[in-house]
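Enquirer: any chance you can model this:
(2 chains)
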Number of protein chains: 2
Amino acid sequence: MQNIYDNKVFFKEYEEMRSKDINANKLIEQPIFNSMLPMLRGKRILDLGCGTGEFCRLAKSEGASFVMGIDCSKNMLNVAKNCNDGITYLNLPMENLGKLNDKFDIVTSSLAFHYVEDFDKLIGDISKLLISGGELIFSQEHPVATAFKSPKNERIDNKIDIHGKRYYLLSDYNNIGKRVVKWNVSGVIKYHRNFSEIINTLIRHGFIITKVMESYADEEAIKKEPKYAYQNDRPYFLFISAKKS
Amino acid sequence: MQNIYDNKVFFKEYEEMRSKDINANKLIEQPIFNSMLPMLRGKRILDLGCGTGEFCRLAKSEGASFVMGIDCSKNMLNVAKNCNDGITYLNLPMENLGKLNDKFDIVTSSLAFHYVEDFDKLIGDISKLLISGGELIFSQEHPVATAFKSPKNERIDNKIDIHGKRYYLLSDYNNIGKRVVKWNVSGVIKYHRNFSEIINTLIRHGFIITKVMESYADEEAIKKEPKYAYQNDRPYFLFISAKKS
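Expert: As a prediction, the model looks like this:
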């Protein structure tokens, strides 16, 4: 996994975006993610790609008995560790999850799985860390949003605006793999997986799908930030909850 | 449900398409659908939207102990009934599934669910007809393919071709409901549901998702009919198998 969050230019842009009261995370992603959470009270929780610890602090405040956050970015963890709040933070990429020996009731991850190349290994590792009946709740970029792949030696756009409508190129939807995109800085590496690949990988590792959600900017979000209407030109985030059988 | 298959003009066009050795059903839809089937030998099978009985005959030839096919189209069933082969055909729309009292091991449906308005009722009815541990395997148009909704008083295309690439409008992806499209004839009524709506409805009625597939025209299909390359501009069909818990 590329550690883009320790890139200075990227991190500055990212911090500025997240520090605003109005951003797509707070207005669109978090409300849907939080609506999918089971009761956290008394639970042992592991948050993957915990960033600056926002979700870890929520879990702690909701009464979780133990909260661990892991992230590959030291920049992000340095912010998280500023709060002395009994949360365990580890500087560990998700690829090395197999090194943990703990058992958890709940594993969460918000908008981080699309940075991981080997999804099969990731889900297998999570399955081992969860108790039987334990739950995984995660969000990631929607497959329709990660599908686009820039062809080599060709300048092609992933979208076209015509008469006030936005059209998207989807021809690489079933072409699973690496994507190099510009987000704050050039060269951000993500991995596209279609819907069936995501669902079937979970099932293969003994998970039962319990709920799926797709993002939509509701009236309230668009009222607070009219430009978020573009978030409804296609789904941007995908949310899945699953139970270990 | 609209009974478009008893429209004379539609049915003539449809019969001509299906009678060809090379069509998207035979080259793309059926291979994926058949790969998802469990063993049919000795099983009681109900096929929803059985059309001319193609799948019913396959099930019978594979040793199913009882095969029933239902369809709202008398035209289609008249073709099916020409083969005297011990299959039970009923002229029944899927909306009236609740009238059946039988129990089945397997319920199948190929490219018909997108014609049904009340998906929640349909899946509830199927759940009642299945034994515990029974399986539902179905295909339907992919949510990305049914998303487009023509705005009133506006002429807008669902796709734009630029520099040999095809771009799609997805802005009604999360807008579930009726779609009126042209397919052989004008005014064909379908119902769009996004991925989360389909999966969550199955889960709500006690189904455990066992596999999801999304269509792709492979090299063999494109070799037989080069124009099917367009089928990879976006996924056209969605396939789901689920087990009644």
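Enquirer: centroid-wise, who is the farthest residue in chain A?
Expert: residue A:163 (32.8 Å; CA atoms, centre = their mean).
Enquirer: which pLDDT value goes with residue A:96?
Expert: Here, the pLDDT recorded for residue A:96 equals 96.
Enquirer: I'd like to know how far it sits from chain B.
Expert: 29 Å (CB to the nearest CB, to the nearest Å). The way it works is simple: take the backbone N, C-alpha and C, and place the C-beta from them, glycine included.
Enquirer: residues near that residue, how many?
Expert: Neighbour count of residue A:96, defined by other CB atoms under 10 Å in any protein chain shown: 13.
Enquirer: where does it land in three-state SS?
Expert: At residue A:96 the chain is in helix, as set by DSSP: H, G, I helix; E, B strand; the rest coil.
Enquirer: excluding its backbone neighbours, what's nearest the residue of chain A found nearest chain B?
Expert: Proximity of chain A to chain B (CB to the nearest CB) peaks at residue A:167, 3.6 Å away. Distances taken as CB to CB, 6 or more residues apart in numbering or on different chains put residue B:167 closest to residue A:167, at 3.6 Å, once the chain neighbours are dropped.
Enquirer: excluding chain neighbours, what is closest to the residue farthest from the centre of chain A?
Expert: That would be residue B:156: by CB to CB, 6+ apart, it lies 7.2 Å from residue A:163.
Enquirer: and that neighbour, which of the three is it?
Expert: Relying on three-state DSSP, one would call residue B:156 coil.
Enquirer: which residues in chain A form helices?
Expert: A:8-19, A:24, A:30-35, A:54-61, A:74-81, A:119-129, A:143-146, A:195-204, A:219-224 (DSSP state H).
Enquirer: reformat those as JSON lines; add mean neighbour count and mean pLDDT.
Expert: Formatted as JSON lines, these follow (neighbours: other CB atoms under 10 Å in any protein chain shown; pLDDT from 0 to 100):
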{"stretch": "helix A:8-19", "mean neighbour count": "14", "mean pLDDT": "83"}
{"stretch": "helix A:24", "mean neighbour count": "20", "mean pLDDT": "90"}
{"stretch": "helix A:30-35", "mean neighbour count": "15", "mean pLDDT": "96"}
{"stretch": "helix A:54-61", "mean neighbour count": "20", "mean pLDDT": "96"}
{"stretch": "helix A:74-81", "mean neighbour count": "18", "mean pLDDT": "92"}
{"stretch": "helix A:119-129", "mean neighbour count": "19", "mean pLDDT": "98"}
{"stretch": "helix A:143-146", "mean neighbour count": "23", "mean pLDDT": "97"}
{"stretch": "helix A:195-204", "mean neighbour count": "20", "mean pLDDT": "98"}
{"stretch": "helix A:219-224", "mean neighbour count": "13", "mean pLDDT": "93"}
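Enquirer: which of those sits closest to residue B:215?
Expert: Closest to residue B:215 of these is helix A:195-204 (CB to CB; 10.0 Å).
Enquirer: how about the contacts made by the residue nearest to residue A:167?
Expert: For residue B:167, the contact set (CB atoms under 8 Å, 6 or more residues apart in numbering or on different chains) comprises A:159, A:160, A:167, A:168, A:169, B:159, B:160, B:161.
Enquirer: show me which pair in those is furthest apart.
Expert: Between any two of those, the greatest separation by CB to CB is 14.3 Å, found for A:159 and B:161.
Enquirer: what is the neighbour count of the residue nearest to residue A:163?
Expert: Residue B:156 has 14 nearby residues by other CB under 10 Å.
Enquirer: what does chain A put close to chain B?
Expert: Residues of chain A found near chain B (CB under 8 Å from any CB of the partner chain) are A:144, A:156, A:159-160, A:162-163, A:165-171, A:173-174, A:194-196, A:199-200, A:203, A:208-214, A:216, A:232-235.
Enquirer: try 6 Å
Expert: Selection of chain A residues close to chain B by CB under 6 Å from any CB of the partner chain yields A:160, A:162, A:165, A:167-171, A:173-174, A:194-196, A:199, A:208-209, A:212-214, A:216, A:233-235.
Enquirer: list buried residues within these.
Expert: Among the residues of chain A next to chain B, the ones that count as buried by 16 or more other CB atoms under 10 Å in any protein chain shown are A:160, A:165, A:167-171, A:173-174, A:194-196, A:199, A:208-209, A:212-214, A:216, A:233-235.
Enquirer: for residue B:3, state which of the contacts of residue B:167 is nearest.
Expert: Residue B:3 has its nearest neighbour among the contacts of residue B:167 in residue B:159, at 28.3 Å by CB to CB.
Enquirer: for that closest one, give the beta-bridge partners.
Expert: Counting by DSSP bridges, residue B:159 is bridged to residue B:168.
Enquirer: isn't it up against residue B:165?
Expert: No. With contact defined as CB atoms under 6 Å, residue B:159 does not count as touching residue B:165 (10.4 Å).
Enquirer: excluding covalently adjacent residues, which one is nearest to residue A:175?
Expert: residue A:149 (6.3 Å).
Enquirer: any idea how far the one you found is from residue B:183?
Expert: Distance, residue A:149 to residue B:183, by CB to CB, to the nearest Å: 30 Å.
Enquirer: try residue A:232
Expert: Per CB to CB, residue A:232 is found 26 Å from residue B:183.
Enquirer: which one of these two has more residues nearby?
Expert: A count of neighbours by other CB under 10 Å puts residue A:232 above the other of residue A:232 and residue B:183, at 22 against 12.
Enquirer: ok, and the closest non-adjacent residue to that one?
Expert: Closest to residue A:232 by CB to CB, 6+ apart is residue A:217, at 5.4 Å.
Enquirer: now do residue A:195
Expert: Using CB to CB, 6+ apart, the nearest residue to residue A:195 is residue A:143, at 5.2 Å.
Enquirer: also residue A:29?
Expert: Using CB to CB, 6+ apart, the closest residue to residue A:29 is residue A:237 (5.4 Å).
Enquirer: kindly report the same for residue A:150.
Expert: Residue A:150's closest residue in space is residue A:156 (CB to CB, 6+ apart), at 6.6 Å.
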